[in-house]
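*Asks:* how would this look folded up:
(chains A and B, ligands or ions: 1)
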Amino acid sequence: MQLIPCPWCGPREEAEFHYGGQAHVAYPEDPSALTDEEWAQYVFFRENPSGPFAERWSHSAGCRRWFNAVRDTRTHDLLAVYRAGEPMPEVTS
Amino acid sequence: MTAEPTSPLAGWTDRLAALAPALIVAERPYRSQLTVRVSDPDAVAAMGSALGVAFPPVPCTFSAGSGPFGDVEVLWLGPDEFLVVAPPGLQTEIEEVLRGALGSHRGSVVDTSAQRTTVVLEGPHVRDVLAHGCSVDLHPSSAPTGTCVQTLLARTGIVLQVTGADTFTVLVRSSFAEYLAAWLSDACVEYGVAS
Ligand SMILES: [Zn+2]
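*Replies:* Residues are numbered from 1 along each chain as shown, chains lettered A, B, ... in the order given. A predicted model of the protein is given here:
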């Protein structure tokens, strides 16, 4: 069982959380101006780093808030968690 | 003619009573419950004074007190979300009063009384029994009286309040209540209760 530290509730077991993919993917300013290819890039294409990765998580069985976490994809270590709207903190992996 | 209501655990009264003294379980059905979404500090304060109970300022806690609606608890559910719990039958009045206190601020007050029933658990083994299905650390040093967490108990979503040294209150969705009662009965077996 891995504990994930919710920025509101503190450490809770992994089963209480829902994964939401890459964080900080901005919605296009003017979606209708995008070509099909640009739209596909926005909708489907994501980073796939080996190392620290900023992701969205939802504490779905707890406070039900979305937050962001930096996770090391090699070790599954959560290097930092931060509330929605806050900038991504510096992490050392 | 109005039919008498049946509480979610009405059929479990005897079986739950048989868990004593390892675990003393009692359903407190039909309590008035209102889900409140509010973030403006003035509106939060106005709602608190309308109930006579200040809203809990700290995540994962609840506040309790007495006011015009009797004994009322306000549970922290999220940074802008609370559950107001009061004696049965007061939901309509409280809804009106809280909406008045909210005024033109952004937010909502919704009657969710039928969503959950309340189960009060107490006894020397209450933490042991809960630990069978709940991963939250319930040691008094980590979860003192006044703690209120939303979590999973035996994979069922619950709101768990620590109300005293060995007393807990569990709010469970009505449709999951019988499953939870069955699970509690099973979890008590090793504490000297006949299955
Ligand atoms: Zn949380």
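*Asks:* once you drop chain neighbours, what's closest to residue B:54?
*Replies:* Nearest residue to residue B:54, sequence neighbours excluded (CB to CB, 6 or more residues apart in numbering or on different chains): residue B:48, at 4.2 Å. For every residue, glycine as well, the C-beta is placed using N, CA and C.
*Asks:* roughly how far apart are that neighbour and residue B:98?
*Replies:* 10 Å (CB to CB, to the nearest Å).
*Asks:* tell me which element the spatially most central residue of chain B is part of?
*Replies:* Taking CA atoms, centre = their mean, the centroid of chain B lies closest to residue B:171, which sits 3.9 Å from it. According to DSSP states H and E, residue B:171 maps onto strand B:167-173.
*Asks:* list the contacts for the closest residue to residue B:174 other than its chain neighbours?
*Replies:* Counting by CB to CB, 6+ apart, the nearest residue to residue B:174 once its immediate chain neighbours are dropped is residue B:8, at 4.3 Å. By CB atoms under 8 Å, 6 or more residues apart in numbering or on different chains, the contact list for residue B:8 reads B:27, B:29, B:117, B:174-175, B:177-178.
*Asks:* ok, now residue B:12?
*Replies:* B:27, B:178, B:181.
*Asks:* so which of these is the most crowded?
*Replies:* Neighbour count (other CB atoms under 10 Å in any protein chain shown) singles out residue B:181 as the most crowded of those, with 22 neighbours.
*Asks:* what kind of secondary structure is the residue lying closest to that one once chain neighbours are set aside in?
*Replies:* Nearest non-adjacent residue to residue B:181, counting by CB to CB, 6+ apart: residue B:12, 4.5 Å away. Following DSSP: H, G, I helix; E, B strand; the rest coil, we place residue B:12 in the helix state.
*Asks:* ok, the residue nearest to the centre of chain B touching residue B:163?
*Replies:* No. Residue B:171 is beyond contact range of residue B:163, at 11.8 Å (criterion: CB atoms under 8 Å).
*Asks:* and the residue most central in space within chain A, what element?
*Replies:* Computing the C-alpha centroid of chain A and ranking residues by CA atoms, centre = their mean puts residue A:55 first, at 1.7 Å. Per DSSP H and E: residue A:55 is located in strand A:52-58.
*Asks:* so is that strand next to the ion?
*Replies:* No. Strand A:52-58 stays clear of the ion (CB under 5 Å from the ion), getting no nearer than 8.9 Å.
*Asks:* what mean pLDDT does the very next helix or strand once past that strand have?
*Replies:* Per DSSP H and E, the first helix or strand lying C-terminal to strand A:52-58 is strand A:66-72. Strand A:66-72 carries an average pLDDT of 97.
*Asks:* how about the residues of chain A near chain B?
*Replies:* Contact residues, chain A versus chain B (CB under 8 Å from any CB of the partner chain): A:1, A:8-10, A:12-13, A:15-16, A:61-65.
*Asks:* quick one: the strands in the chain?
*Replies:* In the absence of a named chain, chain A is used. A:3-6, A:10-13, A:18-22, A:52-58, A:66-72, A:78-83 (DSSP state E).
*Asks:* um, chain B though
*Replies:* B:24-28, B:32-38, B:62-67, B:70-78, B:81-86, B:107-111, B:116-122, B:148-153, B:156-164, B:167-173.
*Asks:* closest one to residue B:185 among the ones you listed?
*Replies:* Residue B:185 lies closest to strand B:24-28 among the strands of chain B, at 9.0 Å (CB to CB).
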